[in-house]
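**Q** Sequence first, then the predicted structure:
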Amino acid sequence: PLASANAQTTNEYVPGEIIVKLRSKSSKLNAQAFVGKSVSERGMSLKGSWTGLRMHHFALKAGESVEAAIAELEQDPEVQYAEPNYIVHRQSTGVVEGQPISMAAAQEQAQAQAQSSGSNSSYSYYNAQTSAPIQDAEAWSSASSSSSLGPVVVAIVDTGVDYNHSVFQNSGAIWTNPGEIPGNGIDDDHNGYIDDVRGWNFVNNTNAPMDDDGHGTHVAGIVLGTTQDITANPIGQAKIRIMPLKFLDSKGSGTTSDAVKAIYYAVNNGAKVINNSWGGGSFSNSLIDAIAYAYDKKVSFVAAAGNAANNNDASPTYPANYSVPNMISVAATTDMDYFTDFSNYGAQSVHVASPGKSIWSTLPNNTFGRISGTSMAAPFVSGMAALMMRESPSMSGYQVKNLIFSTGNTLSSLQNKTSTRNRINVLNALSASKNAVVAQSQPSYDVAAARAPASEVTESVPACGLVAKAVYDAKDGNGPQGPHRMLAFFTLLLVLASPIIVSFALRNREGKNKRQHTRYQISSAVTLKLGDRELTGQVSSISMGGLQVNTDAWLDNGGIVKMSIQSPDGKEEIAVEGRVVWSEANKAYGVAFNNADSSIRSQIQKWTSGLLRGA
């Protein structure tokens with residue numbers, strides 16, 4: 001069921017979690033050392049990394065405050081910023097008005113209303129558009145019918161989508177990842193997500209972005225309904241595709257870290273429009289970095305302005321208030337073109353308005369219903385932007401934004417409410433996109449100039465025996481490509497193969513530098529498997545303490561791996577969990593065996609009994 005209205009609370013964040021970004025001048029070795037020391041010396045736990053962005057998500061040690069951790073980290077010369085993992089919410093009342101009705105009942109009502117009104121747009125009545133002439137139905141008939149125009153992908157970053165709903169199933173609207181083979185348990189397209197056939201669930205870290213709230217399904221229906229009649233029987237084939245990305249939970253709340261993951265996923269998997277019917281009151285450096293990345297890739301970013309009847313010029317709501325040039329901040333109007341009593345506004349920061357009062361759309365379990373909010377206004381803009389990009393595939397999100405701003409209908413009710421004073425007009429925007437000359441470039445954007453000052457909030461044991469090295473060769477030796485190559489928590493299979501070469505090196509260590517576990521040298525092929533990805537190299541030694549590694553991919557997993565280790569002769573196997581740690585002495589990462597019991601240690605001792613000690 002849908003939860004009650006959300007609160008826009010400033011500085012609401014996840015206790016005991018922070019996001020840290022390192023400076024661009026930091027070398028890879030320094031960056032690795034920072035993460036390693038954060039775990040071993042500061043007692044933090046790595047929950048995830050965007051290694052291509054030098055950004056890391058940490059859980060703090062028990063009892064440490066977020067304020068204290070940020071204050072300490074901001075003194076580190078390697079740190080560009082440290083911030084809380086903020087909490088955000090969906091931007092709707094969250095309440096279904098009246099009782100949801102079935103798909104069949106919705107179609108019957110739409111047909112009856114269309115006949116009585118003489119309208120050729122049955123959906124225009126049931127999404128409250130009869131008196132708000134956004135001219136979506138006229139745009140449907142004006143849109144090019146050529147099959148050569150590929151469907152534009154719209155990412156719904158929200159509570160998920162009920163992709164089994166008849167509207168989406170019968171229209172073929174749900175995006176399908178062309179690089180994935182369903183159900184084979186393999187990351188076929190090497191994007192870091194196994195079997196992400198129709199998007200991703202960042203809340204539960206699964207490939208099932210099913211809606212358990214209702215909000216995302218309603219939003220997705222509005223996006224699709226802006227491009228075609230979704231109550232038609234039979235429904236037509238969709239001109240766009242909906243990419244479900246779930247980062248809000250069943251109560252409509254989520255975190256910055258998951259929002260960032262969803263945005264990078266959307267951009268790197270082909271979305272040209274990202275709908276964001278959610279927000280909060282805190283500036284997030286990591287979130288603006290993600291939106292700036294979308295801008296660089298020419299993606300349109302649409303955000304709901306908020307539902308607190310606040311002036312966003314004075315009291316910002318994010319992400320709608322970010323100044324990234326692809327941002328479209330959307331307020332809500334009524335079916336009579338009045339400004340709603342709940343919508344946020346801003347003569348500088350809120351850009352356009354769209355219908356958002358009592359909007360009729362899809363709900364889970366094959367039903368329809370009405371919800372109000374700027375959450376409902378934003379997806380009209382997203383659907384319109386998708387139609388425009390379909391007509392002009394090379395057009396950037398920045399150019400789409402400018403055309404939307406210049407083609408809307410000016411309303412007196414929007415004076416001092418939005419920067420354009422316009423309510424959207426789908427037909428005008430579509431016509432403009434057909435005739436526009438595609439810009440070959442877009443303005444440069446310096447995200448550093450938009451950053452918030454420092455922070456908005458005030459206030460482990462090193463592994464031993466980490467001496468084996470594994471250097472992986474993935475993607476032509478360059479490792480994960482781009483900021484989206486984040487790997488989920490998959491089982492890791494470590495295979496130690498023969499031959500074993502006896503070495504006669506021995507180094508004695510005394511005092512604090514003495515090893516806790518004896519190290520044995522071997523020369524052995526190693527294959528590290530994360531999903532279907534194979535990271536290959538050499539292992540030079542093993543001890544009962546652990547193994548040394550050197551791969552950012554393991555950091556992307558949050559620093560915890562499960563290993564199944566075979567004996568050199570391949571006849572025996574043990575399972576052990578390890579934690580990625582940093583060895584300051586060796587300037588390298590390793591996997592320390594976590595709480596290995598006596599039987600595991602006995603097996604390793606037996607395997608190494610015929611080997612000589614290493615240096």
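**A** Happy to help now that I have it.
**Q** by contact count, what packs against the helix or strand that residue 167 is a member of?
**A** Secondary-structure element containing residue 167, defined by DSSP states H and E: helix 166-171. Under the contact criterion of 3 or more C-beta pairs under 8 Å, 6 or more residues apart in numbering; DSSP states H and E, helix 166-171 touches helix 215-225. For every residue, glycine as well, the C-beta is placed using N, CA and C.
**Q** hmm, back to that, quick one: average confidence on the helix holding residue 167?
**A** For helix 166-171, mean pLDDT rounds to 98.
**Q** mind listing what's buried in that helix?
**A** Neighbour-count burial for helix 166-171 flags 166-168, 170-171 (criterion: 16 or more other C-beta atoms under 10 Å).
**Q** show me where this protein has helices.
**A** Along the chain, the stretches classed as helices by DSSP state H are 28-40, 66-73, 103-117, 122-126, 136-142, 166-171, 215-225, 256-268, 285-296, 374-391, 397-407, 426-435, 552-556, 598-607.
**Q** Show me where this protein dips below the pLDDT cut-off.
**A** Counting by pLDDT under 70, the chain contains low-confidence residues at 1-10, 93-94, 114-131, 147, 452-601, 603-615.
**Q** Could you list the domains of it?
**A** The record's domain parsing of the chain by automatic domain parsing lists 13-89, 93-450, 492-607.
**Q** looking at these, which is buried most?
**A** Greatest average neighbour count among those goes to domain 93-450 (a mean of 22), per mean count of other C-beta atoms under 10 Å.
**Q** hang on, the earlier thing: output the helices of the chain as a markdown table; include the columns distance to residue 416.
**A** Below are the helices of the chain laid out as a markdown table (distance: least, C-beta to C-beta, whole Å):
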| stretch | distance to residue 416 |
| --- | --- |
| helix 28-40 | 47 |
| helix 66-73 | 37 |
| helix 103-117 | 34 |
| helix 122-126 | 29 |
| helix 136-142 | 27 |
| helix 166-171 | 38 |
| helix 215-225 | 27 |
| helix 256-268 | 30 |
| helix 285-296 | 26 |
| helix 374-391 | 17 |
| helix 397-407 | 17 |
| helix 426-435 | 23 |
| helix 552-556 | 47 |
| helix 598-607 | 69 |
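**Q** out of the ones you listed, which comes closest to residue 240?
**A** Smallest distance to residue 240 across the helices of the chain (C-beta to C-beta): 4.4 Å, for helix 374-391.
**Q** Now do that closest one against helix 397-407, angle only.
**A** 110 degrees (axes from the mean of the first three to the mean of the last three C-alpha atoms, to 10 degrees).
**Q** Export only the CA atoms of helix 374-391, formatted as PDB.
**A** Provided in PDB are the C-alpha atoms of helix 374-391 (Å, rounded to 0.1, in the frame of the first residue of the first chain):
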ATOM      1  CA  THR A 374       5.000  17.400  -8.300                       C
ATOM      2  CA  SER A 375       6.000  13.700  -8.700                       C
ATOM      3  CA  MET A 376       3.100  13.500 -11.200                       C
ATOM      4  CA  ALA A 377       4.000  16.800 -12.900                       C
ATOM      5  CA  ALA A 378       7.600  15.800 -13.700                       C
ATOM      6  CA  PRO A 379       6.900  12.600 -15.700                       C
ATOM      7  CA  PHE A 380       4.800  14.600 -18.200                       C
ATOM      8  CA  VAL A 381       8.000  16.600 -19.000                       C
ATOM      9  CA  SER A 382      10.000  13.400 -19.200                       C
ATOM     10  CA  GLY A 383       7.600  11.800 -21.600                       C
ATOM     11  CA  MET A 384       7.600  14.900 -23.700                       C
ATOM     12  CA  ALA A 385      11.400  15.000 -23.700                       C
ATOM     13  CA  ALA A 386      11.500  11.400 -24.900                       C
ATOM     14  CA  LEU A 387       9.100  12.200 -27.800                       C
ATOM     15  CA  MET A 388      11.400  15.100 -28.800                       C
ATOM     16  CA  MET A 389      14.500  13.000 -28.700                       C
ATOM     17  CA  ARG A 390      12.800  10.300 -30.700                       C
ATOM     18  CA  GLU A 391      12.200  12.800 -33.500                       C
END
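**Q** still on that earlier bit, which one of the buried residues of helix 166-171 is nearest residue 87?
**A** residue 168 (28.9 Å).
**Q** Which residue is the nearest non-sequential neighbour of that closest one?
**A** Spatial nearest neighbour of residue 168, excluding adjacent residues (C-beta to C-beta, 6 or more residues apart in numbering): residue 174 at 5.0 Å.
**Q** Looking at strand pairing, list the partners for that neighbour.
**A** residue 242 (DSSP bridges).
**Q** Please name the residues that touch it.
**A** For residue 174, the contacting residues are 161, 163, 168, 198, 241-242, 244, by C-beta atoms under 8 Å, 6 or more residues apart in numbering.
**Q** quick one: which of these is nearest to residue 53?
**A** Of all the contacts of residue 174, residue 53 sits closest to residue 244, with 24.2 Å by C-beta to C-beta.
**Q** Am I right that residue 413 is in contact with residue 340?
**A** No: Residue 413 lies out of contact with residue 340 (C-beta atoms under 8 Å); the separation is 9.8 Å.
**Q** Need the residues touching each of these two.
**A** By C-beta under 8 Å, 6+ apart, residue 413 and residue 340 have these common neighbours: residue 333.
**Q** From residue 26, how far off is the nearest residue to residue 365 once chain neighbours are set aside?
**A** With sequence-adjacent residues excluded and distances taken as C-beta to C-beta, 6+ apart, residue 365 is closest to residue 162, at 7.1 Å. Distance, residue 162 to residue 26, by C-beta to C-beta, to the nearest Å: 44 Å.
**Q** again, but for residue 32
**A** According to C-beta to C-beta, residue 32 stands 10 Å off from residue 26.
**Q** what does residue 268 give?
**A** From residue 268 over to residue 26 the distance is 23 Å, taken as C-beta to C-beta.
**Q** now the strands: where do they sit in the stretch 351-500 of the chain?
**A** Defined through DSSP state E, counting those that start in this stretch, the strands belonging to the stretch 351-500 of the chain, from first to last, are 352-355, 359-363, 367-371, 409-410, 422-423, 492-496.
**Q** Quick check: which of those strands is nearest to residue 214?
**A** strand 359-363 (5.4 Å).
**Q** Point out the other helices and strands that the closest one packs with.
**A** Where contact means 3+ C-beta pairs under 8 Å, 6+ apart, strand 359-363 is packed against helix 215-225, strand 367-371.
**Q** May I have the strands that pair with the last one, each with its orientation?
**A** To tie it back to what came earlier, the one meant is strand 367-371. By DSSP bridges, strand 367-371 pairs with strand 97-102 (antiparallel), strand 359-363 (antiparallel).
**Q** For those, give me a markdown table that also has distance to residue 211.
**A** Below are these laid out as a markdown table (distance: least, C-beta to C-beta, whole Å):
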| stretch | distance to residue 211 |
| --- | --- |
| strand 97-102 | 13 |
| strand 359-363 | 9 |
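**Q** nearest to residue 46, of those strands?
**A** strand 359-363 (38.8 Å).
**Q** and the angle for the closest one with helix 103-117?
**A** Using the same axes, to 10 degrees: strand 359-363 against helix 103-117 is 150 degrees.
**Q** Other residues contacting strand 359-363?
**A** 96, 100, 123, 126-128, 162, 165, 167-168, 214, 217-222, 225, 230, 368-372, 376.
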